[in-house]
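> any chance you could fold what I've pasted below:
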Amino acid sequence: MSSALASVVLLGLACAANPWGIMIAILLLDARRGVGVVWTYVIAWTGAISVVMAALLAGLGAVFGSGSDSANTAVSWVELALGVVLLALGVRRLLSPQVEEEPAATPRWLRAIENISYPAAFLLGIYSATYPVVIAAAGEILRADTTTAEAAALAALFIVLGSSSVLAVAALGTFARNRSAAFLDRMRVWVTAHNRAVITAILFVLGAYLAARGVEGVL
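Down below sits the predicted model:
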């Protein structure tokens, strides 16, 4: 249980650290349709990872059984595969040349976010969620020998942590707009400038962690 808890906390924080998700949430605060758009995005993000988590736990739990040897083996192979894929993506990003963008005109995708509709914001929230991390967290919960209540608590903890960044941005922009404006603007600038490095670091750290967990379970 303690191992599963530590893994779920780590994976939840990794889900929340998605820089694109944070940047999109900040940009949505200035959408022309108001703050309702960013809350639509947050609801979609949270709902997407909740549905995927519940489906994985219910489906895989019915096939393998929580805490069983077959569950541990299956999850270990999945984590190993995810870890290798994430590490490969990290290496690819590290070796690929970085294209310098000219800051002249406003990017088309940024103009689209400024004019985004509620259905589009909802779809964007679904699209932006970090699904490989959700899969890994569901696997960690499944491989642990937990009761149904404990598994539900771990899943809820992951969902809360995984949504905490976009939820915090939406809350600050809604309830403390004036006081948080400078902070959110600095965050947007920092995330925009360093998103490549942050994503690459997350890929390496998370990939290494999942690969190690997979190897540990397989051996």
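> any idea how far residue 127 is from residue 71?
Per Cβ to Cβ, to the nearest Å, residue 71 is found 30 Å from residue 127. (Glycine included, C-beta is placed from N, CA and C.)
> what do you get for residue 207?
Counting by Cβ to Cβ, the gap from residue 207 to residue 127 is 22 Å.
> could you do residue 137 as well?
Going from residue 137 to residue 127 by Cβ to Cβ gives 19 Å.
> which one's more surrounded, these two?
Neighbour totals were compared for residue 137 and residue 127, and residue 137 leads with 31 against 12 (other Cβ atoms under 10 Å).
> my guess is the more buried one meets residue 8, correct?
Yes. Between residue 137 and residue 8 there is a contact under Cβ atoms under 8 Å: 5.6 Å.
> now for these two: what residues contact both?
Counting by Cβ atoms under 8 Å, 6 or more residues apart in numbering, the shared contacts of residue 137 and residue 8 are residue 158.
> so after the helix or strand of the chain with the lowest mean pLDDT, what's the next helix or strand?
Every helix and strand in the chain was compared by mean pLDDT, DSSP states H and E; the lowest is helix 108-114, with a mean of 70. Downstream of helix 108-114, the first helix or strand assigned by DSSP states H and E is helix 118-128.
> restrict the very next helix or strand once past that next one to CA atoms and write it as PDB.
Tracing the chain past helix 118-128, the next element assigned as helix or strand by DSSP H and E is helix 131-143. The C-alpha coordinates for helix 131-143 follow below in PDB (Å, rounded to 0.1, in the frame of the first residue of the first chain):
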ATOM      1  CA  TYR A 131      -3.000   9.800 -20.500                       C
ATOM      2  CA  PRO A 132       0.200   7.700 -20.300                       C
ATOM      3  CA  VAL A 133       0.500   8.900 -16.600                       C
ATOM      4  CA  VAL A 134      -3.100   7.900 -16.000                       C
ATOM      5  CA  ILE A 135      -2.400   4.400 -17.400                       C
ATOM      6  CA  ALA A 136       0.700   4.100 -15.200                       C
ATOM      7  CA  ALA A 137      -1.200   5.200 -12.100                       C
ATOM      8  CA  ALA A 138      -4.000   2.700 -12.700                       C
ATOM      9  CA  GLY A 139      -1.400   0.000 -13.100                       C
ATOM     10  CA  GLU A 140       0.200   0.900  -9.800                       C
ATOM     11  CA  ILE A 141      -3.200   0.800  -8.000                       C
ATOM     12  CA  LEU A 142      -4.000  -2.500  -9.700                       C
ATOM     13  CA  ARG A 143      -0.800  -4.200  -8.800                       C
END
